[in-house]
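Participant: Could you look at this predicted model? Sequence included:
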Amino acid sequence: MQITFTGRHVQITDDVRSFVEKRAQKLEGVFNFLDELQVVLEQEKTRYLTELTLLARKATFHARIETHDVFESLDTALNRVESQVRRHKERMKDRRHRQSHRDVAAQFSENAATSSTEAASDDSAASSAPIVKIADKFASKPLTVEDAAMQLQFSEDSLLLFVNAETSQVNLLYETDGGEYGWVEPEFS
C-alpha cells in the first residue's frame, strides 16, 4: 500500500510517519484489497486536523478528526477508517452468500410449477379435494383430556385442538361418526 503524507502548517516527523506506517501495515495484513492511504495533517493554533482517505478496490474510506494532540488525532482517524473497512468487508461477505432477488423468485416459481405438475399427475380425486376450515377455536388454557371432551361435547364443533395440562403438548380431540371421541397426542422420538 502506498502512503502519501501532506502537512499544512505542520512538519511531518519521523515519529508520525512510523506511527501511520505501522498502523497501515496492520490494516493491510487484515484487509488485502487496500491500494493507497492519503494522510493530511493540518495545524490551526493548538488544534490538529487529521484527514485520512483510504483508497481500495471499488471503495473509498474517509475520516476527518480534530483534536489537540497529533497522535490522538491520527489514532482516532485510523480507528474510524478501520471500522469503515471492517463494515465494508462484512457487507461484501454477506452479499456473496446472498442470492439475488431474481434468483430467489425464479426458484419459487420453479418450485410452484413443479408442485403444481406433481399435483396434476396425482390421482384426480386427491388433487381436487378442497381444504375446508373446520374449526377456528383453540383452547388457550391447558386442559385435561376429560375437560376437553366435555368442552367438545357442549360445542357444535367436531374437533378441538388444545394444550394438554399433563404433558404441555398440543393435542387433538375429535368426534367420530359413531359418537365416540378420538384423541391424537404427538409422540416425539
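Facilitator: Nice, thanks for sending it over.
Participant: tell me the contacts of residue 71?
Facilitator: Counting by CB atoms under 8 Å, 6 or more residues apart in numbering, residue 71 touches 16, 19. The way it works is simple: take the backbone N, C-alpha and C, and place the C-beta from them, glycine included.
Participant: Can you tell me the element it falls in?
Facilitator: helix 70-97 (DSSP states H and E).
Participant: Residue 18 too?
Facilitator: helix 14-30.
Participant: Pull out the buried residues from that helix.
Facilitator: 16, 19-20, 23-24, 27 (16 or more other CB atoms under 10 Å).
Participant: Switch those residues over to TSV; also include pLDDT and distance to residue 60.
Facilitator: Below are those laid out as TSV (pLDDT from 0 to 100; distance: CB to CB, whole Å):
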residue	pLDDT	distance to residue 60
16	88	23
19	90	22
20	88	18
23	87	18
24	86	16
27	81	15
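Participant: State the next helix or strand along the chain beyond the helix or strand of the chain with the lowest mean pLDDT.
Facilitator: Every helix and strand in the chain was compared by mean pLDDT, DSSP states H and E; the lowest is helix 124-127, with a mean of 54. Downstream of helix 124-127, the first helix or strand assigned by DSSP H and E is helix 145-154.
Participant: distance between that next one and the chain's centre?
Facilitator: Between the centre of helix 145-154 and the centre of its chain there are 44 Å (CA atoms, centre = their mean, to the nearest Å).
Participant: quick thing: my sequence starts at 8, can you match it?
Facilitator: Sure, I'll start counting at 8 from here, so that last one is helix 152-161.
Participant: List the buried residues for it?
Facilitator: By neighbour count on 16+ other CB under 10 Å, the buried set for helix 152-161 is 152, 155-156, 158-159.
Participant: would TSV of these with distance to residue 18 be doable?
Facilitator: Converted to TSV, these look like this (distance: CB to CB, whole Å):
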residue	distance to residue 18
152	88
155	86
156	92
158	88
159	90
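Participant: That's all I had, so thanks and see you.
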